[in-house]
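Undergrad: Structure of the sequence below:
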Amino acid sequence: MTFDLASLGWDAAFVSAYAPYDRPDHRPARVARVDRGICTTLGRDGAGRASLGGGLLVRAGRDPVELPCTGDWVAVRGWPDERHTIEAVLPRRTRVVRADAGEQSFGQALAANLDVAAVVEPMDPEPDPARVERLLALAWESGARPLVILTKADRVADPGTVAAQIGDVAPGVEVIVVSARTRKGLSALAPLVAHGRTLGLLGPSGAGKSTLVNALAGATVMATQASRRSDGRGRHTTTYRALIPMPGGGAVLDTPGVRAVGLYDGAAGLDLVFADIDELGLGCRFADCGHDGEPGCAIQAALAAGQLPVRRYESWLKLRRELAWRSRRQAARLAAEAKSPRRQAAAGAGVRRRPR
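TA: Have a look, this model is predicted:
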């Protein structure tokens with residue numbers, strides 16, 4: 001099976017970025033899946049498997065975010081022994097990055113080159129506003145257009161009321177209510193997977209992401225499981241990030257349900273998610289108000305008056321503190337790396353090799 005690269009989003013900008021690698025033994029492709037350093041790619045000659053080239057491994061060793069992720073456009077090199085290696089990742093138009101679970105404060109790229117980053121939240125069981133806020137911060141920070149998709153609308157009596165409640169925690173973001181079973185709302189998503197466009201899905205296990213992909217594709221392209229009867233929650237079905245081409249062009253990028261999504265560098269995204277609180281903060285008496293008991297704090301006044309929900313304020317505080325902690329960890333790591341003997345030796349060697 002061959003692929004029309006244009007339907008997957010290949011355009012003049014990517015053609016220009018690929019120009020330095022345009023040679024007979026190279027070809028452009030888009031990453032559809034990553035498994036322990038081996039990538040499944042989609043190119044003009046069909047689907048293939050490629051490992052990581054040495055130069056790319058060196059660069060990724062300094063920053064794991066540089067590793068290829070699902071959705072990336074890459075330059076694939078073919079070797080005489082029929083091996084294929086990814087030699088370069090083309091500049092990403094958008095990228096979803098979360099903090100990794102390790103102690104080194106690195107980031108992990110979840111998806112790249114999305115046109116729309118959709119937070120998928122089930123209406124049954126009851127949606128979790130704090131989770132929506134966290135994932136929206138990731139979506140805003142990616143550079144893609146953020147969106148909220150509320151699934152399983154056929155399981156609740158009043159979907160409109162639930163959508164309005166979630167809309168209150170997603171200022172400036174469209175909320176679309178869908179049901180894969182009844183096909184309610186799917187027509188609103190169709191333009192998001194039109195020729196050349198990529199829709200990314202972010203959400204917890206059991207949100208119905210894989211079921212939604214199947215509904216948009218009109219066929220079973222992703223495995224699904226029923227929710228647990230005990231609490232209505234879903235099981236992990238998708239265990240990898242996958243780019244799925246749609247029959248009419250375009251693609252959907254499905255992600256596995258994540259138990260915890262740490263914010264990596266989401267200050268701007270956080271400001272957009274909590275734009276209402278930031279606007280309140282402009283009315284504080286002091287420009288450096290910490291919003292935690294200082295006199296003349298407009299945010300505290302809004303809390304006291306019931307204009308700002310306590311839950312939303314506490315969610316905002318939690319995410320701000322998390323980002324501040326992450327920022328300190330990153331700064332400490334970078335400072336330690338700068339002082340390491342290996343880094344200093346490399347810098348010295350670079351100076352000595354500089355031509356006169």
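Undergrad: Find the least confident helix or strand in the protein, judged by mean pLDDT.
TA: Of all helical and strand segments in the chain, the minimum by mean pLDDT, DSSP states H and E falls on helix 341-353, at a mean of 50.
Undergrad: Show me the shaky parts of the stretch 251-356 of the chain.
TA: For the stretch 251-356 of the chain, residues meeting the criterion pLDDT under 70 lie at 258-261, 265-266, 333, 340-356.
Undergrad: Give the other helices and strands that the longest strand seen in the chain contacts.
TA: Criterion DSSP state E: the longest strand present in the chain is strand 26-35. In terms of contacts (3 or more C-beta pairs under 8 Å, 6 or more residues apart in numbering; DSSP states H and E), strand 26-35 is packed against strand 38-43, strand 46-52, strand 73-78, strand 242-245. (Each C-beta comes from the backbone N, C-alpha and C, glycine too.)
Undergrad: List the contacts of that strand.
TA: Here strand 26-35 makes contact (C-beta atoms under 8 Å, 6 or more residues apart in numbering) with 5, 8-10, 14, 18, 21, 39-45, 47-48, 50, 67-78, 86-87, 90, 112-113, 240-244.
Undergrad: try stretch 313-325
TA: Stretch 313-325 is contacted from outside by 129-130, 133-134, 137, 262-263, 266-267, 270, 274, 277, 291-292, 299, 303, using C-beta under 8 Å, 6+ apart.
Undergrad: Buried residues in it, which are they?
TA: Of the residues in stretch 313-325, 313, 315-316, 319-320, 322-323 count as buried by neighbour count, 16 or more other C-beta atoms under 10 Å.
Undergrad: Same check on stretch 111-131?
TA: 111-124, 127, 129-131.
Undergrad: Export that stretch to CSV, keeping only CA atoms.
TA: Taking only C-alpha atoms (Å, rounded to 0.1, in the frame of the first residue of the first chain), the coordinates of stretch 111-131 have been written out as CSV:
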residue,chain,number,x,y,z
ALA,A,111,3.0,13.8,19.3
ALA,A,112,4.0,16.2,16.5
ASN,A,113,2.6,18.2,13.7
LEU,A,114,-1.0,18.2,14.9
ASP,A,115,-3.4,20.7,13.5
VAL,A,116,-5.9,20.2,16.4
ALA,A,117,-5.0,18.8,19.8
ALA,A,118,-8.3,17.5,21.3
VAL,A,119,-8.7,16.7,24.9
VAL,A,120,-11.1,13.8,25.0
GLU,A,121,-13.1,13.4,28.2
PRO,A,122,-16.0,10.9,28.8
MET,A,123,-19.4,12.2,30.0
ASP,A,124,-19.9,8.9,31.8
PRO,A,125,-18.5,8.6,34.4
GLU,A,126,-18.7,12.2,35.3
PRO,A,127,-16.0,14.4,33.7
ASP,A,128,-13.0,15.5,35.7
PRO,A,129,-12.5,19.3,35.3
ALA,A,130,-9.0,19.3,36.8
ARG,A,131,-7.9,16.7,34.3
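Undergrad: and residue 330, which of the helices and strands packed on strand 26-35 is closest to it?
TA: Proximity to residue 330 (C-beta to C-beta) singles out strand 46-52 among the helices and strands packed on strand 26-35, at 24.4 Å.
Undergrad: Packing partners of the closest one?
TA: strand 26-35, strand 38-43, strand 73-78, strand 84-89.
Undergrad: Nearest to the middle of this structure, which residue? Look it up for me.
TA: residue 96 (2.9 Å; C-alpha atoms, centre = their mean).
Undergrad: how close does it sit to residue 115?
TA: Separation of residue 96 from residue 115 (C-beta to C-beta, to the nearest Å) stands at 12 Å.
Undergrad: Now for residue 142: which residues touch it?
TA: Counting by C-beta under 8 Å, 6+ apart, residue 142 touches 94-97, 111, 114, 117, 269.
Undergrad: which pair in the residues you listed spans the largest distance?
TA: Of all the pairs that these form, the one spanning the most space (C-beta to C-beta) is 111 and 269, at 14.8 Å.
Undergrad: tally of neighbours for residue 164?
TA: Counted with other C-beta atoms under 10 Å, residues neighbouring residue 164 total 11.
Undergrad: tell me the SS of it?
TA: Assigned by DSSP: H, G, I helix; E, B strand; the rest coil, the conformation of residue 164 is helix.
Undergrad: swap in the one 3 residues further on?
TA: Recorded secondary structure, residue 167: helix (three-state DSSP).
Undergrad: Compute the distance from the centre of the top helix by length along the chain to the centre of its chain.
TA: As far as residue count goes, and with DSSP state H defining each element, the longest helix of the chain is helix 310-339. The chain centroid and the centroid of helix 310-339 are separated by 19 Å, computed with C-alpha atoms, centre = their mean, to the nearest Å.
Undergrad: thinking again about what came up before, taking the contacts of strand 26-35, please make a ChimeraX selection of just the buried ones.
TA: Selection command for ChimeraX covering only the buried members of the contacts of strand 26-35, criterion 16+ other C-beta under 10 Å:
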select :5,8,9,10,14,18,21,39,40,41,42,43,48,50,67,68,69,70,71,72,73,74,75,76,77,78,86,87,90,112,113,241,242,243,244
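Undergrad: which residues does the closest residue to residue 285 other than its chain neighbours contact?
TA: Closest residue in space to residue 285, ignoring its immediate chain neighbours: residue 296 at 2.6 Å, by C-beta to C-beta, 6 or more residues apart in numbering. Under the criterion of C-beta under 8 Å, 6+ apart, the neighbours of residue 296 are 284-286, 289.
Undergrad: three-state assignment of residue 296?
TA: Secondary structure state of residue 296, per three-state DSSP, is coil.
Undergrad: just to revisit the earlier point, may I see the buried residues of stretch 313-325 arranged in JSON lines, with distance to residue 26 as well?
TA: Converted to JSON lines, the buried residues of stretch 313-325 look like this (distance: C-beta to C-beta, whole Å):
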{"residue": "313", "distance to residue 26": "53"}
{"residue": "315", "distance to residue 26": "47"}
{"residue": "316", "distance to residue 26": "47"}
{"residue": "319", "distance to residue 26": "42"}
{"residue": "320", "distance to residue 26": "45"}
{"residue": "322", "distance to residue 26": "41"}
{"residue": "323", "distance to residue 26": "39"}
